[in-house]
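*Asks:* Below is the sequence, then the predicted model.
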Amino acid sequence: KAGVTQTPRYLIKTRGQQVTLSCSPISGHRSVSWYQQTPGQGLQFLFEYFSETQRNKGNFPGRFSGRQFSNSRSEMNVSTLELGDSALYLCASSPSRGEKLFFGSGTQLSVL
Amino acid sequence: DQQVKQNSPSLSVQEGRISILNCDYTNSMFDYFLWYKKYPAEGPTFLISISSIKDKNEDGRFTVFLNKSAKHLSLHIVPSQPGDSAVYFCAASARKTSYDKVIFGPGTSLSVIP
């Protein structure tokens, strides 16, 4: 079974731009969660999608948004990028909510 | 409001000795706890989990202990190996509630010295 796939692997953007990150979950997994990792901050929860609906949202500004498609693939979007958005963005999938998460390798976003 | 805490940012242990990583939580609704291991530039990988109905779970060299009254859990690695050097994250969720997202602690960086 293929693991969680995230694209692109690396991304460089400038302040004010927007970015879209993509995540393909493990086949059969309906829950997709997104996390932001910055040095010293651990994994900060962004949001979780289940059956195309956002079920939980973390404490991030509205510039961060996401969606899930009918095939469970998910995208997250960050608009009006700021320097502080530079981080590793991790996507994780699980068969059901609140259970063991399977992570992708992440997208390393650098905002210049 | 950090609901999952790992108060030791780093830990160094000699190869062959025991590594003990600690985690505290504040939300009494948490009923499922997990440990993940992360190498640089990779996603976290699942190590071991424990349900709140148990106080111990073992998988090879890894054992997780849960003390619900103290809202504390720990991960024991015996014996420690150089390949265990990584960042370890404690995580928790409240599966029986609508607050069932998985919350992670800030991580503990473990260095196993040969």
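*Replies:* That came through, no problem.

*Asks:* Every contact and neighbour count from this point should use C-alpha atoms.
*Replies:* Will do.

*Asks:* quick one: contacts for the residue in chain A that chain B sits nearest to?
*Replies:* Per C-alpha to the nearest C-alpha, A:G42 is where chain A lies closest to chain B, at 3.8 Å. Residues in contact with A:G42, defined by C-alpha atoms under 8 Å, 6 or more residues apart in numbering or on different chains, are B:F89, B:F104, B:G105, B:P106, B:G107.

*Asks:* Chain A: which of these is nearest?
*Replies:* Minimum distance to chain A across the contacts of A:G42 is 3.8 Å, recorded for B:P106 (C-alpha to the nearest C-alpha).

*Asks:* since we're on the closest one, how many residues are nearby?
*Replies:* Around B:P106 there are 27 other residues, counting by other C-alpha atoms under 10 Å in any protein chain shown.

*Asks:* What pLDDT is listed against the closest residue in space to it that isn't next to it in sequence?
*Replies:* Computed as C-alpha to C-alpha, 6 or more residues apart in numbering or on different chains, the closest residue to B:P106 that is not its neighbour in sequence is A:G42, at 3.8 Å. Looking at A:G42, its pLDDT reads 83.

*Asks:* ok, which stretches of the chain are strands?
*Replies:* Using chain A here. Secondary structure of chain A (DSSP state E): strands at A:5-7, A:10-13, A:19-24, A:31-38, A:42-50, A:53-57, A:64-68, A:74-78, A:87-94, A:102-103, A:107-111.

*Asks:* My question was about chain B, not that one.
*Replies:* B:4-5, B:10-14, B:19-25, B:32-38, B:45-51, B:56-59, B:62-67, B:72-77, B:86-93, B:103-104, B:108-113.

*Asks:* worst average pLDDT in those?
*Replies:* strand B:103-104 (a mean of 91).

*Asks:* tell me the contacts of the one residue sitting closest to the centre of chain A?
*Replies:* Computing the C-alpha centroid of chain A and ranking residues by C-alpha atoms, centre = their mean puts A:W34 first, at 3.4 Å. Contacts here follow C-alpha under 8 Å, 6+ apart; on that basis A:W34 touches A:F45, A:L46, A:F47, A:E48, A:Y89, A:L90, A:C91, A:A92.

*Asks:* what sits opposite the nearest residue to the first one once chain neighbours are set aside in the beta ladder?
*Replies:* Just to be clear, that refers to A:F45. Leaving aside its chain neighbours, A:F45 sits nearest to A:Y35 (4.6 Å; criterion: C-alpha to C-alpha, 6+ apart). Counting by DSSP bridges, A:Y35 is bridged to A:F45, A:L90.

*Asks:* swap in B:I20?
*Replies:* Under the criterion used (DSSP bridges), B:I20 bridges to B:H76.

*Asks:* What residues does it make contact with?
*Replies:* So B:I20 contacts B:S74, B:L75, B:H76, B:I77 (C-alpha under 8 Å, 6+ apart).
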